[in-house]
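**Student:** Provide a 3D model corresponding to the input given below.
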Amino acid sequence: MLKQLINFYRVSSPKFCSGESLSDTKRRMKFLKWSTFLAATLGYGMYYVCRLSLNVVKKPIVEEGIFSETELGIIGAVLFFTYAVGKFANGFIADRSNINRLMTTGLLVSALVNLCLGFTNSFFLFAILWGVSGWFQSMGAASCVVGLSRWFSDKERGSFYGFWSASHNIGEALTFIIVASVVSILGWRYGFFGAGMVGLIGTLIIWLFFHDTPQSKGLPAVNQPKEKEKMSASETADYNKAQKQVLLMPAIWILALSSAFMYISRYAVNSWGVFYLEAQKGYSTLDASFIISINSVCGIVGTVFSGVISDKLFGGRRNAPALIFGLMNVAALCLFLLVPGTHIGVDILAMILFGSSIGVLLCFLGGLMAVDIAPRNASGAALGVVGIASYIGAGLQDVMSGILIEGQKTVVNGADVYDFTYINWFWIGAALLSALLATLVWNVKPKG
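**Tutor:** Numbers count the residues shown, from 1 in each chain. Predicted coordinates for the structure are as follows:
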C-alpha cells in the first residue's frame, strides 16, 4: 500500500513523441507552459481562500462567545506551525514528486476541512482540523515553484515567478471580498462553506491544467543541457547533494529569518487586520474586510512588476528593491497603526503602501532570492527552508497577538475596549528587522 502511494506521487515517467515537427513541438511547449503557469496562479490563489477564511470571521466568533481571542490566536498558530513543518518537508518532496497530484491533493483536503469547520464549536476539534488543513496547504507553494523551475528557463523565471506570486494577493482579495460578503449575509459558519466551494473549483483547475514535467509530455527538459535530458542513474545522489548544500548555506538561513519577520508584519494585517479595524476603529465586518482587501489588490501590482523590474532594471539582482520595499512596509504599518482616530482615507492609503510593499517582499524574501542562490535542482528545498522559518514567525505572531489583544481588553459599559499599543510596536519592529536582515546577503553569489 505504501509502495503504491509512493509510486502514485512519483515524478512522471518521460514520454517520447515521434513524428512531430519542430514548429509543432514549440507550439505545444508554449501552450503547456502557459497552461501550467495559469493553473498554478489561479489554483494557488484558491489555496489562500481556504487558508484565510478564519481571519474574516474572528470578531463574530468572539461576539458569539464561541472562542476567545487567545483561543483564536492558538488555532491560527496551529495552522502556521503545521504549515511551516509541511512546507519544509514538502519543499524537499516536491523536487522528486508528480507536482500535479501533490498540489491537487493539498487543495482538495483543505477545501473539505473548510466545509466541516462551520459545524463544530469544539476548540480542540477546530484546532485539529485547522492544523490538518495547514499541512495540506503546504503542498501548494512548493509544487508551484518546482513547476516554474521545470517549465521555464532561468532567464524567464524571475518574471514568471513575479506574476505567479500575485496568486497570494488574488486569493487574499477573494477571501476578504467573497467570504466577508457571505458572512455578512448568512453568518460566520457559511463563510467556511463558501471558502470550501472555492477550494473544490480550484482542485479541478489544478488537476486538469497543471502539468508535471515537459518530459512527461514528450518534450525536452527546459533547464538541463541536452546530454542530461534522460534521467541519470546518479540523479538521486545529485538531489541529495544539492539539498544538503542548501542546508549549509548561511545566506539561505539569513533570508529565512528576514522572511520570518516580514511574515509577522504580513499576517499581523491579514490575520488581525479586520479584527483591528472593527475593534479599534469601529468599522463593520464588510467595510473592514474591504479596506484590508485593498492591500491584497495592490499586492498584485507589486508582485507582478517585482520580477520584471529586478530582471530588467537590476540585472536579476533583488537586493536593492528588497530594501526599498522593506522600508516602505515599515512606513505603511506606522501610518495604519499609529495615526489615531478613524480616517478611511488614511487607512486606504496605508493599505495601498502595505500591499505594494508586501507584494514585492513576498516575491523576493519569500522565495525568489533563496531560489536564485540555491543549486538549480534544489529550488524546492530552498523554498522549504524559507517557508518553515516564515510560518513559524507567522504562528508566533498569531499566538502573541491573540494573547496581547485579550490581555489588554477591558469592559466599559458592557462593551469590549482594546488597547493595541504593545502589539503595534511588535508588528512594526518585526517589519524593520526584516528589512535590516535582508541587507546582510547583499552580495551573495548563486551556487549555479
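**Student:** what pLDDT is listed against the most centrally placed residue in the chain?
**Tutor:** Nearest residue to the geometric centre of the chain (Cα atoms, centre = their mean): residue 168, 5.6 Å. Residue 168 is assigned 77 on the pLDDT scale.
**Student:** flag every buried residue along the helix or strand hosting it.
**Tutor:** For residue 168, the element it lies in under DSSP states H and E is helix 154-174. Using 16 or more other Cβ atoms under 10 Å as the test for burial, helix 154-174 gives 156-174. In this view, the C-beta of every residue, glycine as well, is placed from N, C-alpha and C.
**Student:** and stretch 413-431, by the same measure?
**Tutor:** By neighbour count on 16+ other Cβ under 10 Å, the buried set for stretch 413-431 is 418, 420, 423, 424, 426, 427, 428, 430, 431.
**Student:** ranges for the strands of the chain?
**Tutor:** Assigned by DSSP state E, the chain shows strands spanning 409-412, 415-418.
**Student:** I'd like those as JSON lines, with distance to residue 390 appended.
**Tutor:** Shown next, in JSON lines, are the strands of the chain (distance: least, Cβ to Cβ, whole Å):
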{"stretch": "strand 409-412", "distance to residue 390": "29"}
{"stretch": "strand 415-418", "distance to residue 390": "27"}
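**Student:** among the ones you listed, which comes closest to residue 266?
**Tutor:** Closest to residue 266 of those is strand 415-418 (Cβ to Cβ; 21.2 Å).
**Student:** mind checking how far that closest one is from the chain centre?
**Tutor:** What separates the centre of strand 415-418 from the centre of its chain is 32 Å, taken as Cα atoms, centre = their mean, to the nearest Å.
**Student:** okay, now the sheet partners of that strand, with direction.
**Tutor:** strand 409-412 (antiparallel) (DSSP bridges).
**Student:** convert the C-alpha atoms of the strand it pairs with to CSV, please.
**Tutor:** Provided in CSV are the C-alpha atoms of strand 409-412 (Å, rounded to 0.1, in the frame of the first residue of the first chain):
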residue,chain,number,x,y,z
LYS,A,409,-9.0,44.2,26.8
THR,A,410,-11.3,45.9,29.3
VAL,A,411,-15.1,46.1,29.5
VAL,A,412,-16.5,49.6,29.6
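**Student:** ok now that strand, how far from the chain's centre?
**Tutor:** Computed by Cα atoms, centre = their mean, the separation of strand 409-412 from the middle of its chain amounts to 35 Å.
**Student:** go on, stretch 361-378?
**Tutor:** With Cα atoms, centre = their mean, you get 14 Å for stretch 361-378.
**Student:** and stretch 103-114, by the same measure?
**Tutor:** Remark: stretch 103-114 is offset 15 Å from the chain centroid, using Cα atoms, centre = their mean.
**Student:** quick revisit: show me what the helix holding residue 168 is packed up against.
**Tutor:** Applying 3 or more Cβ pairs under 8 Å, 6 or more residues apart in numbering; DSSP states H and E, one finds that helix 154-174 makes contact with helix 22-56, helix 123-151, helix 285-313, helix 344-363, helix 369-373.
**Student:** closest to residue 67 among the buried residues of stretch 413-431?
**Tutor:** Of the buried residues of stretch 413-431, the one sitting nearest to residue 67 (Cβ to Cβ) turns out to be residue 418, at 16.3 Å.
**Student:** residue 365 versus that closest one, what's the distance?
**Tutor:** Computed as Cβ to Cβ, to the nearest Å, the residue 418 to residue 365 distance reads 30 Å.
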